[in-house]
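K.L.:
mind folding the following:
(chains A and B)
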Amino acid sequence: MKILSRKDELVLLAVWRLQDNAYGVPILKHIVKNIDTGWSLGTIYDTLDRLLDWGYVTSYQSDPTPERGGKSKRYFMITEEGIEALKQLKKVQESMWQKLPVRGDGLKI
Amino acid sequence: MKTILENSNKTKSPPKIARCILSRISRYAYRDNISGDFEELYNEIYRESGLVSAYIWCLKHIVRSFPVFIITSFRRSTAMLSNYFKIAFRNVKRNKAFSFINITGLSVGMTCSILIILYINYELSFDKYHKKADDIYRVVLTWTGEKGRGGELYNVMPGIFQSAVTREIPEVLLATRAKTHEVIINHSGNLFKETGIRYVDPDFLEIFSFPLISGNAETALNEPYSLILTEDMAKKYFSDGDPLGKVLNIDKNDYKITGIIKNVPENSHFTFDFLASFTTMFNIYPDPAFIHKWDSSLSWNMYILASMNTIKEEIENNINRTFDEQTQDYEFRLQPLTDIHMYSKVKYDDYSNISDIRYVYMLTSIAVLIILIACFNYISLSTARSIKRAREVGIRKVSGAHRFNLIRQYIIESVIMAIFAFTISIFLTYFLLDFFNDLTSRNLEFKSIFRGNMIYGLFGIIILSGFISGSYPALFLSSFKPVNVIRGIMKSGSNRNSLIRSSIVVFQFMISTILIISSLIVFDQLDFIRNRDLGFKKDYIICGNVQGIMKDRFRLFKEAIVENPGIKEVYGLGVLPNGMHWNSFPNWEGKESDDKVYFALGMVEYNFIDFFKIEIMEGRNFSQEFVSDLKEAWILNETAVNAIGLEEPIGKKFGLSQNEPSGKIIAIIKDFNFSSVHKNVEPLALCLKRRDWFNSYAIKLNSENSANTINYLKEKFEEFAPDYPFDYFFLDESLDSMYRAEQKLGEIFNIFTFIAVFISCLGLFGLISYTSEQKTKEVGIRKVLGSSVGQIIYILSKELILWIIYAIAIAFPIAYFSMSAWLNNFAYRISIGFIPFVIASGLTLIIAILTISIQITKTALSNTVDTLRFE
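P.N.:
Predicted structure coming up:
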């Protein structure tokens, strides 16, 4: 099983969360809102491209709408494997966070 | 403007360029979606905060997406790349002759360029290895006023300058004197002559970056008779152990070894084998105060270290202002250390490794020309055979290739060719490097090709030659209209194309002709100066210097050897005809007070004029019968008499004293050439030597058995001076060596000329092969209709021959003017006659005709049945 990178994880979570509205602009906004730094659209597409190759998301294309200069939207949807990968990642993270020792000054992390 | 209008019109699309870049940041299939997303975001920002913010947002995104854009565009454009490679290799394989001609031409041309880049790289690297190289200057002086004579520079400085400059000029941090000597080293009974000992101040090690291997740099040169050896010298004299602290006997004095230094890199304008402390000088010179005078002790080289970020001119002005009083008739000039090798222009800079920036320019232009000739071969051959590839172009266009794709394909093809040629040329360079080193008397290393900036140069060669040769064929081939191609109405040579081809041939042969003419003229000129009558005899004369005890015993030695039948005459000790380096402003009878003429002075022996067979025009030779000769006799050359404008000079007063000339002129001799033939003969005054300052001798040998005589001299010499080795050279060889630079130039010229002609002929051969192949049918029909072979050869070759005649015609004036400019460097030069031009044009024509004749005769003689059967 592949361990997802932080970037993959964030994009994948955004796609899962946004459900039916998961295309470029909302994904970007969702991530930016949560992590508070600017990402570029290219990063999102690049990541999605990779996730698509791994089979963690599927995509379909909407019909062109007039309000975007006649350009269609590409929606993404998380797959079973994608959800599985996220769960796996969470498990890894939790187990890694467990039993961290107490630092010398008694501060618990 | 347009986008702004669009925006105010409520269309609210981002600018076109932004759309173009931003939509290409991911895979092709997403292009529309991304573009749409951007438009949505853009609109949102536009609505919320207006056009300016939207624009800024756009700009920010373009900048951020740029790396991804580059990567994806490249990734996408490589889709067809494998196909381009495949086609390129097939073409190389299918058209063997074509590929052979191109690759050979290009690789030979590239080899020349690589060698020349190596050479230039090396030349420009001189003295740059010093850490403080940018702040080090050599101080030289130039005579002011009348003495100036065109601002000649001399690197002989007053010894006191070293301490004065560091004390008085705040910008100058350190200074060192340097003086190179020739010495005899006596090492456990064996004598060695060493020419590379340099007496320097302790600051020398601080100014220059010569790392000490052992010893203390701070103190190594403080004490008198301290000595630092280079690694090589340490190995030579102390192969059996650490020399530090040991003693070496130099010129009868014991020097203590205080350090070992790394060998001096070859790319240094000065070199040394030993460094000795300057304080030793005070013990060597009988009158140490002499070193501390401003006017009389001009004999030291001087280097200073300036503080960082100072301007050369300011220091120079400051120095000249400060020392104005002390230096009445000269001024100082600074030479940046890294400029000395290329731009020195110092007179008598004997111990420095000096070159001339003009050689760099000349070699560079030749390399560029040769590469151009090779690239043009590719262009002319590709367009000539374009018809063969027309169908491919048609198919590609029909299948959806844009013109841009085709251009890219053909450029890639020529770049592949260039890479191919480059690989070969790397091997060629490897094998030819030794030869090239001989030619340029440098020591270039093959491995430095892969070092530092060289890689950019090499990369540049590949890309440039690839692009130049690919450019025109790409534009031309990609312009084919598929409809015409497929209907088969391609005209093989449109007018524009044959014009391009003909101008290429004209250009190539023009360059070749110019080079042939030039090398003929260079050869003539070199021959001329080598065989020129210098005005004195130089054959079968050996010369040398004597030192120490031999100076006193030379008279006895002379008497002893003169008995030998192998020896005709002995001269010495005195100045040799090519050693008149003393200069002065003499005084003469009837001289106006502000009349100053710069003379070379020669202090000679009685038999100087007879020995070197110099012709006396008027008056009498020095003679021992006239006792006063020793004190007051002067012999002037013709130039001198003309320069001071004396009528009936014999008997007139002449001398060096500025108050009252004490001597008198006893004879006028014919001009003889005592310096380089680059210069005109200068005014010269000869007098008899009055002091034992001179240590040169000359011995005239019988032409028979001269080797035995030299052996005999060696034995005799060692008998008289067992502590000094017998050291001699042939006068004519030493004079020849003055023109080594020119001779090298001549050789280089010949070789490059040959290469240029060779590559041009390759191209011509290729071109004639294709044109005659295309005319096969025409030839067949002409033969059927009754043409003779002769007529057909005439028809086929007429055009080419005409082009070459044009080329020759254009070459004449260019060659004439450039060679006149070159000849102007020589005081004695040939006039450019018509013979080199006749020979060169004849040669060019013959070579060209020979090249095309093979192919043309083959076509003309071909069997009509075979040629017409093609359909």
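K.L.:
going forward, measure contacts between C-alpha atoms and count neighbours the same way
P.N.:
OK.
K.L.:
in the helix or strand bottoming out on mean pLDDT in chain A, what's buried?
P.N.:
Within chain A, confidence by mean pLDDT, DSSP states H and E is lowest for helix A:41-54 among all helices and strands, at a mean of 83. Neighbour-count burial for helix A:41-54, with 16 or more other Cα atoms under 10 Å in any protein chain shown as criterion, is recorded at A:L41, A:G42, A:T43, A:I44, A:Y45, A:D46, A:T47, A:L48, A:D49, A:L51, A:L52.
K.L.:
any idea how far B:S163 is from B:T142?
P.N.:
Look at B:S163 and B:T142: by Cα to Cα, to the nearest Å, they are 20 Å apart.
K.L.:
between the two, which one's more packed in?
P.N.:
The residue with more neighbours, out of B:S163 and B:T142, is B:T142; 21 against 14, by other Cα atoms under 10 Å in any protein chain shown.
K.L.:
which residue packs closest to that one, ignoring adjacent ones?
P.N.:
The spatial neighbour of B:T142 that comes closest, neighbours along the chain excluded (Cα to Cα, 6 or more residues apart in numbering or on different chains), is B:L153 at 4.9 Å.
K.L.:
near chain B, which residues of chain A are found?
P.N.:
Taking Cα under 8 Å from any Cα of the partner chain as the measure of proximity, chain A contacts chain B at A:24-25, A:40-42, A:45-46, A:49, A:67-74.
K.L.:
let's see it at 7 Å
P.N.:
Within chain A, the residues that sit near chain B (Cα under 7 Å from any Cα of the partner chain) are A:G24, A:V25, A:S40, A:G42, A:Y45, A:D46, A:R68, A:G69, A:K71, A:S72, A:K73, A:R74.
K.L.:
and the furthest pair within these?
P.N.:
A:D46 and A:G69 (22.9 Å; Cα to Cα).
K.L.:
any idea how far the helix or strand B:V368 falls within is from the chain center?
P.N.:
According to DSSP states H and E, B:V368 maps onto helix B:357-384. Taking Cα atoms, centre = their mean, to the nearest Å, the mean C-alpha location of helix B:357-384 is offset from the chain mean by 18 Å.
K.L.:
does anything pack onto the next helix or strand after that helix? Which helices or strands?
P.N.:
Tracing the chain C-terminally past helix B:357-384 and defining elements by DSSP H and E, one meets helix B:386-398 next. Contact analysis of helix B:386-398 by 3 or more Cα pairs under 7 Å, 6 or more residues apart in numbering or on different chains; DSSP states H and E lists helix B:482-487 as its packing neighbours.
K.L.:
state the distance from the closest residue to B:D32 other than its chain neighbours to B:R451.
P.N.:
Of all residues not flanking B:D32 in the chain, A:K71 sits nearest, at 5.8 Å (Cα to Cα, 6+ apart). With distances defined as Cα to Cα, the gap from A:K71 to B:R451 amounts to 52 Å.
K.L.:
repeat that for B:S268.
P.N.:
Here the distance between B:S268 and B:R451 works out to 19 Å (Cα to Cα).
K.L.:
of the two, which one has the most company?
P.N.:
For B:S268 versus B:R451, the count of surrounding residues by other Cα under 10 Å is larger for B:S268: 22 against 10.
K.L.:
okay, the more buried one and B:L174: tell me how far apart.
P.N.:
Taking Cα to Cα as the measure, B:S268 and B:L174 are separated by 20 Å.
K.L.:
domain assignment for chain B?
P.N.:
Following automatic domain parsing, chain B resolves into domains at B:2-79, B:133-352, B:358-529+B:740-869, B:541-735.
K.L.:
what about whatever residue of the stretch 451-600 of chain B ends up closest to chain A, how many residues nearby?
P.N.:
Taking Cα to the nearest Cα as the measure, the point where the stretch 451-600 of chain B comes nearest chain A is B:I463, at 31.9 Å. B:I463 is flanked by 19 other residues according to other Cα under 10 Å.
K.L.:
helix/strand/coil for it?
P.N.:
On the three-state scheme (DSSP: H, G, I helix; E, B strand; the rest coil), B:I463 is labelled helix.
K.L.:
so how far is B:G470 from it?
P.N.:
Noted for B:I463: a distance of 10 Å to B:G470, by Cα to Cα.
K.L.:
could you do B:L785 as well?
P.N.:
Here the distance between B:L785 and B:G470 works out to 41 Å (Cα to Cα).
K.L.:
which one's more surrounded, those two?
P.N.:
Comparing B:L785 with B:G470 by neighbour count (other Cα under 10 Å), the higher total belongs to B:G470, at 27 against 9.
K.L.:
what's the pLDDT at B:R24?
P.N.:
Among the per-residue scores, B:R24 shows a pLDDT of 68.
K.L.:
returning to that earlier point: hey, what's the residue nearest to B:T142 bridged with?
P.N.:
Using DSSP bridges, the beta-bridge partners of B:L153 come out as B:T142, B:V346.
K.L.:
surely it and B:V346 touch.
P.N.:
Yes - under the contact definition of Cα atoms under 7 Å, B:L153 touches B:V346, with a separation of 4.8 Å.
K.L.:
tell me which residues in stretch B:461-473 are buried?
P.N.:
Buried residues in stretch B:461-473, counted by 16+ other Cα under 10 Å: B:461-473.
K.L.:
next one: the strand or helix carrying B:F837 to chain centre, how far?
P.N.:
With elements taken from DSSP H and E, the one containing B:F837 is helix B:835-861. Distance, stretch centre to chain centre, for helix B:835-861: 34 Å (Cα atoms, centre = their mean).
K.L.:
remind me which residues of chain A are low pLDDT?
P.N.:
For chain A, the stretches flagged by pLDDT under 70 are A:1-2, A:102-109.
K.L.:
break down it into its helices, ranges please.
P.N.:
When assigned using DSSP state H, the helices of chain A occupy the ranges A:6-18, A:24-35, A:41-54, A:80-97.
K.L.:
can you state the direction angle for the longest one and helix A:6-18?
P.N.:
It refers to helix A:80-97. Helix A:80-97 and helix A:6-18 are oriented at 120 degrees to each other (axes from the mean of the first three to the mean of the last three Cα atoms, to 10 degrees).
K.L.:
so what does the longest helix that chain B contains touch, helix or strand wise?
P.N.:
Among the elements of chain B assigned as helix by DSSP H, the one spanning the most residues is helix B:31-77. Applying 3+ Cα pairs under 7 Å, 6+ apart, one finds that helix B:31-77 makes contact with helix A:24-35, helix B:16-22.
K.L.:
can you put the ones you listed in CSV and add distance to B:I169?
P.N.:
As requested, those are arranged in CSV below (distance: least, Cα to Cα, whole Å):
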stretch, distance to B:I169
helix A:24-35, 63
helix B:16-22, 60
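K.L.:
what's the closest of those helices to B:G574?
P.N.:
helix B:16-22 (82.9 Å).
K.L.:
what does the closest one contact?
P.N.:
Defining contact as Cα atoms under 7 Å, 6 or more residues apart in numbering or on different chains, one finds that helix B:16-22 is touched by B:S35, B:C58, B:I62, B:S65, B:F69.
K.L.:
what's around the first one, how many residues?
P.N.:
Right, the one you point to is B:S35. For B:S35, the count of nearby residues is 24 (other Cα under 10 Å).
K.L.:
quick check: the gap between it and B:P14.
P.N.:
For B:S35, the distance to B:P14 under the criterion Cα to Cα works out to 10 Å.
K.L.:
mind listing what the residue nearest to B:D32 touches?
P.N.:
With contact taken as Cα under 7 Å, 6+ apart, A:K71 is in contact with A:P64, A:T65, B:D32, B:N33, B:G36.
K.L.:
now list the buried members of these.
P.N.:
The neighbour-count test (16+ other Cα under 10 Å) marks B:D32, B:N33, B:G36 as buried among the contacts of A:K71.
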